[in-house]
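**Q** show me how the following folds:
(chains A and B)
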Amino acid sequence: MLFKKQQKTSTQGEENKPSRPKNSHYLTAKESREIAKSNAREMRKYEKRKRVKNVDESVYTCKMQDENNIVEFDDLHTYFFTDAGVSKAVDGVTFSIPKGATVGVVGESGCGKSVTSLSLMQLVQAPQGQIVGGSIRFNMGDKAYDITKMPTSEMRKIRGKNIAMIFQEPMTSLNPVFKIGYQLDEMSLLHNGCTKEEAKAHSIEMLKLVGIAAPERVYDCYPHELSGGMRQRVMIAIALSCDPRLIIADEPTTALDVTIQAQILDLLREIKDKIDGSIMLITHDLGVIAEMADYVVVMYAGRVIEAGTTAEIFHNPLHPYTIGLQKSKPVVKRKVERLYNIPGQVPNPIDMPDFCYFKDRCDRCIEKCNGEYPHFIQVSPTHRVSCYLYEGQEKGGSNE
Amino acid sequence: MVKYIIKRLLLCVLILFGVSVILYLLLRCVPGDYVTNKFTANPNVEMSEEKLEAMREIYGLNDDVFTGYFKWLFGNPATGTKGAILLDFGTSFVYDAPVSEVIADHMWISFALTLLSLVIYYPLAVYLGTRAAVKQYGAFDYATTVLTMVGISFPSFFFSAIIVKIFAFDLGWFDTSLGLNSTGLINPSGWELFTDTAWHLVLPVLVVVVLSIGSVMRYTRTNMLEVLSADYIRTARAKGLSERSVVYKHAFKNTMIPMVTVLAGILPGLFGGSMILEDFFAIDGIGRIAYNAMNQGDIPFVMGYNMFLALLTVIGMLLTDIMYVVVDPRVKITN
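**A** Predicted structure coming up:
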């Protein structure tokens, strides 16, 4: 089975949260002090855990549930300890990325898709942002590591080498005061331990691989001398430099214009086949997902609400939110008076109530929706949805 | 580049001209003149009104503002000065020597004092600021912030007074009565004079360091924090670089861009001296000299000194702009 059923676990941090009346936007001085105090305590605890040196490998070694997966997110909780309270940016996310597949993660801004990927890299903005629960199992080939338990010093050996990341903004993601060549060489010097000449040769080869016409010239350029598309190619070259097993592409085409978008997507697809790796593609563009992904994970307010193969999500969307997303996508040849939009806003992720987070915006609510947050319903071996509408339609789920 | 610098220098001339007009106007607006100050303040000297008038004539204080300014700018055949336009600022009333000579004589000790302080406080401030930014909201950050803020907030005469009280009077380590030299020094050799002067510079340098370190430190910290939250720092971390190389290589080089340019801007100003400090420690630097001249209405010297300061300022600004081209690859001068 590809996707695991969601478990409900209580996590640390919740007990310490000061209670306050619902829907109040103002904090009294006392509440705000309590929040600051509990935040400081929590942040210290998690920071300390990351800083420990000489951790025995057995502490963070684990076993993959399925050897064919490259990454398994299991009930991941990543919280931000803000001045207004604990913001549950990622609240129990469970899905996995199979070897050689592209998994698309969709959702609107602020739904936790980027934080999920940053958790995988241990790059969540510290000390406010911390992984507080769950596990991320990463398949190293002969062994598997639980990234949530790894100290930062060990994590550094995985970053860039086994998991590489391509960011949304190519304009600001390259260091403006170093030449492209230096920024590329750094990767192979760091992870492959080769000489400067070897690194340069490798870097130029990488630039060629991502379709840059004059690699020697670009090698000696500063980032500001290149266009946005070129910079994103350079970013991809940096990401590919150490043959990673997984590439996280965090909205790689959002900042680019449409023709360049298509080129970059083609490049990503080409390269995935070449290096035989997996891609975790984060985007809010359903068109990109349809074109690129094998599996789709739909996130809303820090949780996965529906997941399945691309065909299932596109031809048979089940969750009202997924259906709304599909409807709000402009389609060529379909004439509508006005493009559909989902009413309302994403709820504030602080002090979420325990019922379906989409309830207030949903047009198909039923009586049961007032109850606790819906569990996943496995409608096919690969397709699961977290909505009461589909209760009793479980099919093919094995470990129900 | 050369063309740009020449253009900027020509612009500087224009700025200096404007500055000189305003300065001269202001100076002539100050009540009381040199002759009145000098001769009527002394009760032993009886001066008739005619004599005073004659003295004013000699010093050129009877001219109206415009004539006076033109004489200052283009020279006065009566006194033989060639005028500021030919870099002749005339003769100082108080020091009875050509203004440029007085400035040249006294600026080096001021320069030594400020340069010495700069060499100490600038790297220290950059280091502290960087550390504080890396450990934002940590104990180190709060401690440095509080201490440097205390340093910024002290008025220099007050802090000097405290320092002198503690180290010179109570502990008796320093002898501050005669400026930069000890009282008991008779026919010192060159080396003795040097060590003696160096020892006497310790307190003034300490004061400058404590008073100046705060602002540079805060500036570094702010810059560093901004850089550390930039996307390319996240990229550097995502590459798997160690925190040390992320901070001290990737972030530091970006932080240093404004720091280096600011430094270039400060450098010429070091010749300008510091009035209050030099006066307090009785150092015969240019600041103290100018302070005395100002008190006594020495128009040629005050004009000359202020033009000197204005020149240092415009050179500082030019250096800042040139430094940007040198250290920031994104900045290019196009004609």
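**Q** buried residues, the longest helix anywhere in chain B. List them.
**A** With secondary structure taken from DSSP state H, chain B has its longest helix at helix B:190-228. Buried residues in helix B:190-228, counted by 16 or more other CB atoms under 10 Å in any protein chain shown: B:196-197, B:200-201, B:203-214, B:216-221, B:223-225, B:227-228. C-beta: built from backbone N, CA, C; applies to glycine.
**Q** and the stretch 201-335 of chain B, which of its residues are near chain A?
**A** Selection of the stretch 201-335 of chain B residues close to chain A by CB under 8 Å from any CB of the partner chain yields B:230-232, B:234-243, B:250, B:253-254, B:257, B:328-330.
**Q** now with 7 Å, please.
**A** Residues of the stretch 201-335 of chain B that fall close to chain A, judged by CB under 7 Å from any CB of the partner chain: B:230-232, B:234-242, B:250, B:253-254, B:329-330.
**Q** pull out the buried positions in the lowest-mean-pLDDT helix or strand in chain A.
**A** Ranked by mean pLDDT, DSSP states H and E, the weakest helix or strand in chain A is helix A:57-60, scoring a mean of 82. Buried residues in helix A:57-60, defined by neighbour count with 16+ other CB under 10 Å: A:Y60.
**Q** what's stretch B:224-233 in contact with?
**A** Identification of contacts with stretch B:224-233 by CB atoms under 7 Å, 6 or more residues apart in numbering or on different chains yields A:167, A:169, A:172-175, B:129-130, B:133, B:136, B:246, B:250-251, B:254-255.
**Q** cutoff 8 Å now
**A** Stretch B:224-233 has contacts (CB atoms under 8 Å, 6 or more residues apart in numbering or on different chains) with A:167, A:169, A:172-176, B:129-130, B:133-134, B:136, B:246-247, B:250-252, B:254-255.
**Q** so where is the stretch 201-335 of chain B shaky, pLDDT-wise?
**A** For the stretch 201-335 of chain B, the stretches flagged by pLDDT under 70 are B:335.
**Q** could you look up the SS state of B:A143?
**A** helix (DSSP: H, G, I helix; E, B strand; the rest coil).
**Q** tell me how far it lies from B:Q136.
**A** 13 Å (CB to CB, to the nearest Å).
**Q** in the helix or strand where B:L118 lies, what counts as buried?
**A** In the assignment (DSSP states H and E), B:L118 maps to helix B:99-134. Under the neighbour-count criterion of 16+ other CB under 10 Å, helix B:99-134 has B:99, B:102-103, B:106-107, B:109-114, B:116-118, B:120-122, B:125-126, B:128-134 buried.
**Q** nearest the middle, which residue of the chain would you pick?
**A** Defaulting to chain A. By CA atoms, centre = their mean, chain A has its centre lying nearest to A:S117, at 2.9 Å.
**Q** try again with chain B
**A** Most central in chain B under CA atoms, centre = their mean is B:G272, positioned 3.7 Å from the mean C-alpha point.
**Q** which ones are touching that residue?
**A** Applying CB under 8 Å, 6+ apart, one finds that B:G272 lies in contact with B:110, B:286-287, B:308-309, B:312.
**Q** phi, psi for it please.
**A** Torsion angles at B:G272 (phi, psi; degrees, to the nearest 10) stand at phi -70, psi -20.
**Q** B:F93 is in contact with B:Y34, isn't it?
**A** Yes: contact criterion CB atoms under 8 Å: B:F93 and B:Y34 qualify, at 5.0 Å.
**Q** these two: which has the busier surroundings?
**A** Neighbour totals were compared for B:F93 and B:Y34, and B:F93 leads with 22 against 19 (other CB atoms under 10 Å in any protein chain shown).
**Q** give me the nearest residue to B:M256, chain neighbours excluded.
**A** When the adjacent residues along the chain are set aside, B:M256 lies closest to B:V327, with 7.1 Å between them (CB to CB, 6 or more residues apart in numbering or on different chains).
**Q** likewise A:T172?
**A** Using CB to CB, 6+ apart and skipping residues adjacent in sequence, the residue nearest A:T172 is B:D231, 4.1 Å away.
**Q** now for that neighbour, how many residues are close by?
**A** Look at B:D231: counted by other CB under 10 Å, it has 16 neighbours.
**Q** the one 4 residues further on now?
**A** Summarising burial for B:T235: neighbours were counted as other CB under 10 Å, giving 26.
**Q** try B:T313
**A** By other CB under 10 Å, neighbour count at B:T313 equals 18.
**Q** report the buried residues of the helix or strand harbouring it.
**A** Using DSSP H and E, the element containing B:T313 is helix B:299-327. Neighbour counts using 16+ other CB under 10 Å place B:299-324, B:327 of helix B:299-327 among the buried residues.
**Q** elements contacting it?
**A** helix B:2-29, helix B:99-134, helix B:252-269, helix B:286-295 (3 or more CB pairs under 8 Å, 6 or more residues apart in numbering or on different chains; DSSP states H and E).
**Q** okay if I get the ones you listed as CSV plus distance to A:D66?
**A** As requested, the helices and strands packed on helix B:299-327 are exported to CSV (distance: least, CB to CB, whole Å):
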stretch, distance to A:D66
helix B:2-29, 65
helix B:99-134, 41
helix B:252-269, 44
helix B:286-295, 77
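**Q** for B:Y69, find the nearest of the ones you listed.
**A** Comparison of these against B:Y69 by CB to CB identifies helix B:2-29 as nearest, at 4.9 Å.
**Q** what is the subsequent helix or strand relative to the closest one?
**A** That would be, after helix B:2-29 and using DSSP H and E, helix B:34-40.
**Q** check which helices and strands that following helix sits against.
**A** Using 3+ CB pairs under 8 Å, 6+ apart, helix B:34-40 is in contact with helix B:49-59.
**Q** residues near the residue nearest to B:L25 when sequence neighbours are not counted, how many?
**A** In space, and not counting its chain neighbours, B:L25 is closest to B:V65: 6.5 Å by CB to CB, 6+ apart. Per other CB under 10 Å, the neighbour tally for B:V65 reads 12.
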